Structure formats: structure tokens, C-alpha cells
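Trainee: quick one, fold the following:
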Amino acid sequence: MNQSRRTFLRHGAAALAGTSLLARGLFATPKPKELVGVQLYSIREDMKKDPLGTLKQLAGMGYKHVEHANYQERKFYGYAPKEFKKVLSDLGLSMPSGHTVLGKQHWDEAKKDFTDAWKYTVEDAAVLGQQYVISPWMDQALRKDYDGLLALLDTFNRSGELCQKSGMQFGYHNHDFEFSESLNGQTLYDIILQKTDPKLVVQQLDIGNMVGGGGKAMDVLKKYPGRFPSMHVKDSIKSSTEEVGYESTVLGKGIVSPKEVIDWGRKSGGTVHFIIEQESYQGQAPIAAVKENLEIMKKWGYK
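Mentor: Purely as a prediction, here's the structure:
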């Protein structure tokens, strides 16, 4: 069975990255333009074996934007930031967003400041020209501790301030537990949306992940209009192997009604980044799946 994204993140969330200081210039944050990209976790094994060859294939399919899910020891898929930027640029690609987990270990309470590891994360994202620095996971212990959760969300707001100094925005990416787990009578997702400042923390709405937690993308978009500049475009089907009971599939073949959702996101959700992600393949080669998904998005009017 393919390793699920949630398992991958759970095991990797505690890993720290980085070894140099953050450049602290002040920049205006530009408003992102609409784009379609692919989350490279969709083709994780291909990227592990041959990142350059895989990126060439993506460019050949017509992709122009990618989102990373691999930042370790100040490298993206084994490349230093400036090297990876050149690799992408030479292929006509850009990386407007990326996933790196922000955890409680990245905030030094005694110093009231971020650790170097998180400062490096933001610095290296800026080198790549990212618009969004996105944290895609939340420690399980914090999900059971209301005060601990509020402290983390305060750190999210502070990270938003830090990212803005480099012309970027900080964001959070949901899975399923935010909709199935509650504290003080509220779902975790409602707490996250209510306790983060929308001027500092954007939301990347994964429209497929939430299904396993009972969430419905259209309900969320209508409840919090304008809060979702980035979206993971994904479809889901029932699964006998995944712990949440659902797995991703090719767009339009599942129960999410992704075209309806992304159209609404474009109209009322403030969505400008549409990032394709598929984690399970039902026997199809992952690289073929991301190609098919891009072709579907183009038919739907997203390029």
C-alpha cells in the first residue's frame, strides 16, 4: 500500500531543517495570480529516484508550477535552494508554495523568537520565490490540549508576520482530523479559522482530505468566504485500506465534485492557487495520474 500523506507527515513532522541565518529585509507582499500546479508528493517515488527527470516530464506535460513536500537539511529534493531554483527555471517551472511542518519545537518561548531552523525554512522559501509557506500538519498532542492549540495558533500568526517580512504569506493545510476532532465544543478547523488572523495566516483547503473527517468543502467555503487563496484539488473514493476510509483518485471519478468546488473557490473563496494532488492511484502510474488530472483541469477552464 502506498504510504499516505498523513503517515508521511506524522513521521516527518519533528524533523528540523537548516543551518544559516535569516535575511530580514522588509518587502511588500504581492497579490498572487491564478495558477495551476502540482504537489510533488503526488509523484514522491519518482522524485526520490530521479527528481530532475521527473521535473522534465512535468514540464513536458504542460505544468508550469510545482509545490514541494521535501525540505531537509536546507535542501529541496537534494538541491540547495539556489540550485533548485535554477533547475526549475531552466525547465520553465516555478515553485510558488511549499509544505514544511511548523511545530512547537520551532518556537523558543524563553527568547520569544523562532528557532534558527524555522528562520532558515522561511529564508530558503524566499530564495525559491515562494508566495506561500505552508504547514501541513499538527502534532497529535496539541489536538487534545486547548491551551496548547491556542499557543500554536499564536505561533502561526507570528510566522505570518515573519513571512511577510520576506514578501510571503504563511498558511495552514488541512487533513481530516480537523473536522472529526473537537475541543471546547468546536471542531479543530473552526478553532483554527477563528484564532488565526486572516491577514497573517492563509488557508490551503484540501477538498479531498476532509472527506474522511466528515468535512464538506462547499460548506467550509460558504462558512468562511475569502479565506482560501490556495486549494488542493483532489477527489476521493471509499477505501478498504486507508485508516480514514477514503483515498484519492483521478479528478471527477470520486464523490467530491471537484469542479463545482473549485469554481466556487474561484468565485467566492478567494482561491487563486489550484494545486493538484493525488496520493493513491488504483493501479495507475502516479506520473500518468498527474498528467490526466492536468488535462481535466484544462478542460474545466483552469490553466
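
Trainee: I figured Val127 was touching Lys82, is that so?
Mentor: Yes: contact criterion CB atoms under 8 Å: Val127 and Lys82 qualify, at 6.1 Å. The C-beta positions use only the backbone N, C-alpha and C, and glycine is treated the same way.

Trainee: who has more neighbours, the two?
Mentor: Set side by side, Val127 and Lys82 show more neighbours around Val127, with 15 against 11, by other CB atoms under 10 Å.

Trainee: need phi/psi at the more buried one.
Mentor: phi -60, psi -40 (degrees, to the nearest 10).

Trainee: wait, what's in contact with it?
Mentor: Residues near Val127 by CB atoms under 8 Å, 6 or more residues apart in numbering: Pro81, Lys82, Lys85.

Trainee: for those, which one is nearest Lys75?
Mentor: Within those, proximity to Lys75 (CB to CB) peaks at Pro81, which comes in at 7.8 Å.

Trainee: sorry, back to before: just the ones in helices from the contacts of Val127, please.
Mentor: Assigned to helices by DSSP state H, the following of the contacts of Val127 qualify: Pro81, Lys82, Lys85.

Trainee: contact partners for Cys163?
Mentor: Contacts were defined as CB under 8 Å, 6+ apart; by that measure Cys163 touches Val122, Ala125, Val133, Gln169, Phe170.

Trainee: which non-adjacent residue is nearest it?
Mentor: Of all residues not flanking Cys163 in the chain, Phe170 sits nearest, at 4.4 Å (CB to CB, 6 or more residues apart in numbering).

Trainee: ok, the one you found to Ser230 distance?
Mentor: 12 Å (CB to CB, to the nearest Å).

Trainee: any idea how far Lys216 is from the residue nearest to Met210 when sequence neighbours are not counted?
Mentor: Closest residue in space to Met210, ignoring its immediate chain neighbours: Phe179 at 5.2 Å, by CB to CB, 6+ apart. According to CB to CB, Phe179 and Lys216 sit 9 Å apart.

Trainee: do the same with Tyr71
Mentor: For Tyr71, the distance to Lys216 equals 31 Å [CB to CB].

Trainee: so between Phe179 and Lys216, which is more surrounded?
Mentor: Comparing Phe179 with Lys216 by other CB under 10 Å, the one with more neighbours is Phe179, at 22 against 15.

Trainee: where exactly do the helices run in the stretch 101-250 of the chain?
Mentor: Counting by DSSP state H, counting those that start in this stretch, the stretch 101-250 of the chain has helices at residues 116-127, 146-164, 177-180, 188-195, 217-223.

Trainee: just so I know, which of the ones you listed lies nearest Gln284?
Mentor: helix 217-223 (23.6 Å).

Trainee: sort out which residues of the closest one are buried, please.
Mentor: Within helix 217-223, the residues scored as buried using 16 or more other CB atoms under 10 Å are Ala217, Val220, Leu221.

Trainee: ok, stretch 194-207 next?
Mentor: Across stretch 194-207, burial judged by 16+ other CB under 10 Å covers Lys195, Thr196, Leu200, Val201, Val202, Gln203, Gln204, Leu205, Asp206, Ile207.

Trainee: ok, what's across the strand from the residue nearest to Cys163?
Mentor: Residues in a beta bridge with Phe170, per DSSP bridges, are Val133, Val201.
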